[in-house]
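S.K.: Build me a model from this:
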Amino acid sequence: MHDSLNPQQKKAVLHKNGALLILAGAGAGKTRVITHRIADIIREGTPPEKILAVTFTNKAAKEMRERVEKITREQWELSPYDTPRTAPFIGTFHALSLHIIKTFHTQANLPKRFSIFDRSDSLKAVKKAIEQAGFDPKELEPRRVLSVMGRAKGDALSVETFKNERTSSYIDEAIAEVWEKYDALLRKEHALDFDDILVRAWRLLKDHTEVRDFFQSAWDYIHVDEYQDTNRVQYELIKLLSENHGNVCAVGDADQNIYSWRGASLKHILNFEKDFPDATLLLLTQNYRSTKTIIQAANDAIAKNIQRKEKELFTENTDGERISLVEHHDETREAQFIASECRVLIERGASPNNIAVLYRANFQSRILEEAFLAFGVPYQVLGTRFFERKEIKDTLSYIRLALNPESTTDLARIMNVPARGIGKVTLAKVVNGGRVTLNAAQEIKVADFFSRIERIRTVLKTRKVSEAVHFVIRESGLLGMYKEGKGEDEERAENLAELVSVATKYDSFESEEGMQLFVEEAMLQSDQDELSSELSDQKKQKEKEKKDGVKLMTIHAAKGLEFNTVFVAGLEEGLFPHERDSSDTMDTEEERRLFYVALTRAEQKLYLTYALSRRIFGTRSLNIPSTFVTEIDPALVDVTVAETNFLDDSGGTDGIIF
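M.R.: Okay, the predicted model is just below:
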């Protein structure tokens, strides 16, 4: 049974009692180890139902269940038609928590049948809670409120604790007030959202002895996949469940902790041996995915981090090709090179589905999409297309309204974005021509909005397109709304900056003509996306086209995936590692872990690219290569300075300074 395992994997499978920490490097076969370990425990006489395995995604849980079932079928010599009488509990943290709550729903103050709110339901409830609290949904963006509440719940904070200890601004205080209304709405409907499921299960175990005793004796062996990604509540759940027997096997990799912004805490895996003093530590360091060249580069990169468990990957795979490090004049040529290289690879027989282009920030997808379209290379963007993003649509609505005062659709969209205290009733009156019925306070707010539109209209007629777009972003208040934020807000600000860069293509035209062409480009791309979704008679073909293509995605989205060929774009200091992280040691280390994840997605061929010049907010900046690039052993790299202008473009080096 163990013949297919390497010596390190075999040790992990044969270890049974007591705590076990398996540090599994990228591509080291951790799922194989967990499934074989579960099967081995069953083979030695433990009833399958006494085993628990928890992971983070339904896909991972499904794969694990199927592998365990296959092995146990072979052990018990079952036919394909036989069903094992019992099985281990293998599921996500949410599935585990839901099981705990349903078993003791009375103690959780819930009926036997309660509702679960998905993301859409939660957004609707948050909007209602915002209104009940006396705020405007445009003033407190529901998605942002949900994000803050979710992070706080993941940190095991109640709304009372959040209100008393975490409110450092007016926005935080407003969110606390909305949170209370939101909880009341869910209680009224006997509902839990996804974050509540985890919190409620943890509190049941923590506060009710009978619940804790029941589940501590329910499972003799506990397995946790991706342990480095656990937040505080998930960590506490596992500690409580394993408190009596201590048979917890945690599998993870501190070097792949890249979700601190979601609440994942690196200290959980680093402190495992303190939490479980008798724990055994095993390393899985043989990589089955990548070439020796790629593995050596990844080892060299991650070794610079201090906050980690020491380990070094190795592989018995071939040396493979050297890493291609390609310098480009600007972001346009970088994108054209990547698209061109992908086209050549596909013409030589490579599957486009086995090629990925990874980047640090979402805004980078826009120039890449443009190049892939120009070269006719099939591609799929994982995430929202650039011109479909909310902040981009809002900006375009300001421009369209200024160009066409009769556009009530655009007026309704952005009159209170950012929030100006213009409510739905006032908006309805203005849209329906009833402005004369407004009271004095309402009229002042409405007049201020239309004054902004008039100033925007003047600028659209007199300045270069990129200058005008930048003015719109500032004058509308959109930039101010997002610029000081973090996470999603910061990403939105970067996307707005990229929109200005898009606009520079039309700076050679007369102001009004250039602006019209700019808006048309944006709308035609969006309309084409929408049109394709309406072609129901070609649905099957559309689904196939969606799946077939080079994958464009952020590095965060690529975690857990692997591709034959990987391009990592935008490796410039300030972009990757991200500029905001330069003063924070731990954040810089997370950026390095992100780089490590990017490298280890590649199986055979890895391209690293950067641009000496990149236009952001219309200003062309000069860049230096990322620190991460300069630290790679030169013996592993072929360095190329790309000079070819693959297509005619307008990516000159002239800067626009505002």
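S.K.: Confirm Q107 sits in a helix?
M.R.: No: counting by DSSP: H, G, I helix; E, B strand; the rest coil, Q107 falls outside a helix, being coil.
S.K.: For the closest residue to it other than its chain neighbours, report the pLDDT, please.
M.R.: The spatial neighbour of Q107 that comes closest, neighbours along the chain excluded (Cβ to Cβ, 6 or more residues apart in numbering), is H208 at 5.1 Å. Any C-beta I mention is one placed from the backbone N, CA and C, and that applies to glycine too. On the pLDDT scale, H208 is placed at 96.
S.K.: With K112 as the reference, measure out to H208.
M.R.: Going from H208 to K112 by Cβ to Cβ, to the nearest Å gives 17 Å.
S.K.: what about those two, which has more around it?
M.R.: The residue with more neighbours, out of H208 and K112, is H208; 14 against 7, by other Cβ atoms under 10 Å.
S.K.: Correct me if wrong: the more buried one contacts T106.
M.R.: No: using Cβ atoms under 8 Å, H208 makes no contact with T106, being 10.2 Å away.
S.K.: residue contacts, E63?
M.R.: T31 (Cβ atoms under 8 Å, 6 or more residues apart in numbering).
S.K.: Give the helix, strand or coil label for it.
M.R.: Assigned by three-state DSSP, the conformation of E63 is helix.
S.K.: That one and G134, how far apart?
M.R.: Between E63 and G134 the computed distance is 48 Å (Cβ to Cβ).
S.K.: just L499 next, same as before
M.R.: The gap separating L499 from G134 is 33 Å, by Cβ to Cβ.
S.K.: Would you mind telling me which of these two has the busier surroundings?
M.R.: More crowded of L499 and G134, by other Cβ under 10 Å: L499, with 27 against 10.
S.K.: List the residues that contact the more buried one.
M.R.: I392, T395, V469, I473.
S.K.: Run through the neighbouring helices and strands of the helix or strand encompassing the second one.
M.R.: The reference is to T395. Using DSSP states H and E, T395 sits within helix 390-403. Counting contacts by 3 or more Cβ pairs under 8 Å, 6 or more residues apart in numbering; DSSP states H and E, helix 390-403 packs against helix 408-414, helix 440-462, helix 465-476, helix 478-483, helix 488-503, helix 511-534.
S.K.: how much does that helix deviate in direction from helix 465-476?
M.R.: Here helix 390-403 runs at an angle of 100 degrees relative to helix 465-476 (axes from the mean of the first three to the mean of the last three Cα atoms, to 10 degrees).
S.K.: Buried residues, helix 390-403. List them.
M.R.: Residues of helix 390-403 classed as buried by neighbour count (16 or more other Cβ atoms under 10 Å): E391, I392, D394, T395, L396, S397, Y398, I399, R400, L401, A402, L403.
S.K.: what's in contact with it?
M.R.: Applying Cβ under 8 Å, 6+ apart, the contact partners of helix 390-403 are 386-387, 407, 409-411, 413-414, 417, 453, 456-457, 460, 469, 472-473, 476, 478, 482, 492, 495-496, 499, 515-516, 519, 522-523, 526.
S.K.: now the angle from it to helix 440-462?
M.R.: Here helix 390-403 runs at an angle of 80 degrees relative to helix 440-462 (the same axes, to 10 degrees).
S.K.: Show me how far helix 390-403 is from its chain's centre.
M.R.: Its chain's C-alpha centre and that of helix 390-403 lie 26 Å apart, by Cα atoms, centre = their mean, to the nearest Å.
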